[in-house]
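[1] fold the following.
(one chain, ligands or ions: 3)
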Amino acid sequence: MKGLQVHCLYFLVLDAVFYVASLEEGDSISTLDNLMDNFKDLIRNNDATPHAYAKFSLRKPLMPEDDICYIIPGNPESLKECTFNSTSKTFLVIHGWTVSGLFESWVAKLVSALYKREQEANVIVVDWLYTAQNHYPVAAQNTKMVGQEIARFIDWLEEATNIPLENLHLIGYSLGAHVAGFAGSHASNKVGRITGLDPAGPDFEGEHAHRRLSPDDAHFVDVLHTFTRGSLGLSIGIQQPVGHVDIYPNGGSFQPGCNLQSPLETISKLGLFAINDVPRCSHERSIHLFIDSLVNEQEASMAYRCGSKEMFDRGMCLSCRRNHCNTVGYDISKVRKTRSVKLYTKTRASMPFRVYHYQVKIHFSSKVNRSEMEPSLTVSLIGTKGEVEDLKLTLKEKITTNKTHSFLLVAEKDIGDLLMVKFKWEESTSWSASFMLNMVSSWWSGDSAESEVEVHKIRIRVGETQKKMEFCIKDPHALSLQQEVTFVKCKDEWRKTSKRVNLGNH
Ligand SMILES: *[C@@H]1O[C@H](CO)[C@@H](O)[C@H](O)[C@H]1NC(C)=O
Ligand SMILES: *[C@@H]1O[C@H](CO)[C@@H](O)[C@H](O)[C@H]1NC(C)=O
Ligand SMILES: *[C@@H]1O[C@H](CO)[C@@H](O)[C@H](O)[C@H]1NC(C)=O
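    Ligands and ions are numbered 1, 2, ... in the order given. Sure thing, here's the model as predicted:
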């Protein structure tokens, strides 16, 4: 009973440190440190066995949770005993910071998923739990040391088995991503690939490339950023790009389906042990997106290169030309540019995470100048395989007449080829002063229809198929947008674009 109480307190203190320690090293923190060192001694005294920084457990497809065979660097016999297959791919799964000192449940899930995709592979779980269990700043500081030990393991493995390092793929989560980076940079030869799953932010953000995961650490480095929500200048996941390709699902800051409550609120509702779940959901989503890409190969998510999250959210970046889009997760294509490339994607709240992205371009026209409108816009898409109804278009700016606006629309299912679009405009600020003025003036001039906003065409680009289509109003007399108006496909390509291209050629 006493042990449990101590553990509880330890848990809470560590989490507090995770949030606060990188902010400032005040007096209160060092008091906290002393307090914690006492607790750590208490816990450590329980086992007196000496520890290596890292252990290498070759897991088996049928027992993904169990550590049944360790590969011991310097001992070639252990490779045989664990039936290491030197002609197939090798994965090193590297966990992050831990409060419990135990593997989290995702480890076995990721091992299973890797074996599901690559049956003959060697999936090795790197166990650096003992070091990772320190309080956050200490664990973060030790990532280099652990990485160096993994690098020595890689050097030995290469020598003992002759495996081509191109076949070696390091997958690191949170602090483990930086461990993987150090392992890669200290290995004598370059490893094939490192995947960083929401690499940890505190103590690494803004640091020199040598002190964190970076594109130099492997032939190809890909990164998923899922919890970069900054608060008080501190973000759990690193915000800056650190790989060759950096993907920011849902903008990277926060993930759908993860309940954003303040940690204190959660404690009062769910008790102390829940405190860690709040950041963990979005942080851990990076792993589940990667698992999804392994097991749902046919439903791979696409991500698109974009200058900013804001532009992506307006649907402006759904092009795949010149490597501007890529596959999320395991099947990513290894595009190496000199500068990091930022890609964005939207996802569902659960597996399979893939969605369909649509850019919707609408030209609003009116005989009377109107601006500052914030209507509620609803769209339904009808395709050959199904339909999605009443999707809200998110306004990123106020609507102005005689201007084309661009929106991003996301469908959670495959509706096949688009046939029809239904569109509805509801003025939420109906009684705003400018609207009243318009109403009065048009009533005064005797033609209230003049102030009506009209939409004649809707242009749509689909990210997943790269198709562009134009939709024209079905019944030209039904111009009042207050009711749902139906648009049917009138052109497969945006004619203006092709015309311009033709003119340019002659
Ligand atoms: C090792 O892996 C290769 C494929 O990578 C496979 O063909 C071979 O059968 C495996 N060997 C053993 C002993 O399982
Ligand atoms: C609408 O506004 C634009 C610029 O704000 C102006 O050039 C144009 O003449 C106006 N049109 C009418 C009909 O008021
Ligand atoms: C908007 O454009 C249409 C067609 O080009 C034109 O008839 C109308 O007067 C314009 N409206 C304003 C307010 O300028």
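
[2] residues from the chain in reach of ligand 3?
    Residues of the chain found near ligand 3 (C-beta under 6 Å from any ligand atom) are 365, 366, 367, 368, 369, 401, 402. Glycine gets a C-beta too; all of them are placed from N, C-alpha and C.

[3] derive a ChimeraX selection command for the buried subset of these.
    In ChimeraX, this line selects whichever of the residues of the chain next to ligand 3 come out buried by 16 or more other C-beta atoms under 10 Å:
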select :366,401
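
[4] which residue does the stretch 51-200 of the chain have closest to ligand 1?
    Going by C-beta to the nearest ligand atom, ligand 1 is nearest to residue 88 of the stretch 51-200 of the chain, at 3.2 Å.

[5] sitting in helices, which of the residues of the chain next to ligand 3 do you find?
    Judged by DSSP state H, helices contain none of these.

[6] in strands only, show me the residues of the chain next to ligand 3.
    residue 365 (DSSP state E).

[7] ok, residue 290 touching residue 196?
    No. Counting by C-beta atoms under 8 Å, residue 290 stays clear of residue 196, with 10.3 Å between them.

[8] so for those two, which residues contact both of them?
    residue 224 (C-beta atoms under 8 Å, 6 or more residues apart in numbering).

[9] of those two, who's got more company?
    Shown here are residue 290 and residue 196; by other C-beta atoms under 10 Å, residue 196 has more neighbours (32 against 22).

[10] contacts for stretch 399-414?
    For stretch 399-414, contacts defined as C-beta under 8 Å, 6+ apart pick out 312-316, 346, 348, 355-366, 368-375, 377, 379, 381, 385-386, 388, 391, 393-397, 453.

[11] er, stretch 101-114 actually
    59, 61, 64-65, 91, 93, 95, 98, 121, 123, 125, 127, 129-130, 133, 171, 173, 284, 287-288, 290-291, 294-295.

[12] now, of those residues, which are buried?
    Using 16+ other C-beta under 10 Å, the buried members of these are 59, 64, 91, 93, 95, 98, 121, 123, 125, 127, 129-130, 133, 171, 173, 284, 287-288, 290-291, 294-295.

[13] picking that back up, which ones among the contacts of stretch 101-114 lie within helices?
    129, 130, 284, 287, 288, 290, 291, 294, 295.

[14] which one of those sits closest to ligand 1?
    For these, the nearest to ligand 1 is residue 294 (16.9 Å; C-beta to the nearest ligand atom).

[15] ok, the closest residue to the closest one other than its chain neighbours to residue 64 distance?
    Distance criterion C-beta to C-beta, 6 or more residues apart in numbering; nearest residue to residue 294, sequence neighbours excluded, is residue 113 at 4.1 Å. Separation of residue 113 from residue 64 (C-beta to C-beta, to the nearest Å): 9 Å.

[16] next: residue 129.
    Between residue 129 and residue 64 the distance is 17 Å, computed by C-beta to C-beta.

[17] where do the strands of the stretch 151-300 of the chain begin and end?
    Counting by DSSP state E, counting those that start in this stretch, the segments of the stretch 151-300 of the chain that form strands are 168-173, 191-197, 218-224, 245-249.

[18] adding mean pLDDT, write those out as JSON lines.
    Shown next, in JSON lines, are these (pLDDT from 0 to 100):
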{"stretch": "strand 168-173", "mean pLDDT": "98"}
{"stretch": "strand 191-197", "mean pLDDT": "98"}
{"stretch": "strand 218-224", "mean pLDDT": "98"}
{"stretch": "strand 245-249", "mean pLDDT": "98"}
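
[19] let me have those strands in a markdown table, extended by distance to ligand 1.
    As requested, those are arranged in a markdown table below (distance: least, C-beta to the nearest ligand atom, whole Å):
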| stretch | distance to ligand 1 |
| --- | --- |
| strand 168-173 | 14 |
| strand 191-197 | 15 |
| strand 218-224 | 20 |
| strand 245-249 | 26 |
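
[20] and those strands as a markdown table, adding distance to residue 475?
    Shown next, in a markdown table, are these (distance: least, C-beta to C-beta, whole Å):
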| stretch | distance to residue 475 |
| --- | --- |
| strand 168-173 | 55 |
| strand 191-197 | 51 |
| strand 218-224 | 46 |
| strand 245-249 | 40 |
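
[21] which residue packs closest to residue 185, ignoring adjacent ones?
    residue 217 (4.8 Å).

[22] repeat for residue 386
    Leaving aside its sequence neighbours, residue 386 sits nearest to residue 415 (C-beta to C-beta, 6+ apart; 4.6 Å).

[23] can you pull out the helices in the stretch 101-250 of the chain?
    Remark: helices assigned in the stretch 101-250 of the chain by DSSP state H, counting those that start in this stretch are 106-117, 129-132, 136-141, 143-161, 175-186.

[24] looking at the ones you listed, which is buried most?
    Highest mean neighbour count of those: helix 175-186, a mean of 29 (counted as mean count of other C-beta atoms under 10 Å).

[25] what about that helix, distance to the chain center?
    Its chain's average C-alpha position is 20 Å from that of helix 175-186, according to C-alpha atoms, centre = their mean, to the nearest Å.

[26] same question, stretch 330-341
    Offset of stretch 330-341 from its chain centre (C-alpha atoms, centre = their mean): 15 Å.

[27] who touches residue 85 in this structure?
    120, 121, 122.

[28] quick one on the thing from earlier: and the residue nearest to residue 185, how many neighbours?
    For residue 217, using other C-beta under 10 Å, the count is 30.

[29] quick check: it touching residue 186?
    No. Residue 217 sits out of contact with residue 186 when judged by C-beta under 8 Å, with a separation of 9.2 Å.

[30] tell me the secondary structure for residue 357?
    Under DSSP: H, G, I helix; E, B strand; the rest coil, residue 357 falls in the strand class.

[31] low-confidence ranges, the stretch 101-250 of the chain, go.
    Where the stretch 101-250 of the chain drops to pLDDT under 70, the residues are 230-233.

[32] mind running it again at 90?
    Residues of the stretch 101-250 of the chain that meet the criterion pLDDT under 90 lie in 101, 135, 229-235.

[33] for it, what lies in contact range of ligand 1?
    residue 120.

[34] just want the residue of the stretch 101-250 of the chain that's nearest ligand 3.
    Nearest to ligand 3 in the stretch 101-250 of the chain, going by C-beta to the nearest ligand atom, is residue 250, at a distance of 36.4 Å.

[35] for burial, what's the neighbour tally of that residue?
    Other residues close to residue 250 by other C-beta under 10 Å number 23.

[36] and the gap between it and ligand 1?
    Remark: distance between residue 250 and ligand 1 (C-beta to the nearest ligand atom, to the nearest Å) = 36 Å.

[37] next, that residue: phi, psi?
    Main-chain torsions, residue 250, degrees, to the nearest 10: phi 50, psi 40.

[38] I'd say it and residue 346 touch.
    Yes. Counting by C-beta under 8 Å, residue 250 touches residue 346, with 5.8 Å between them.
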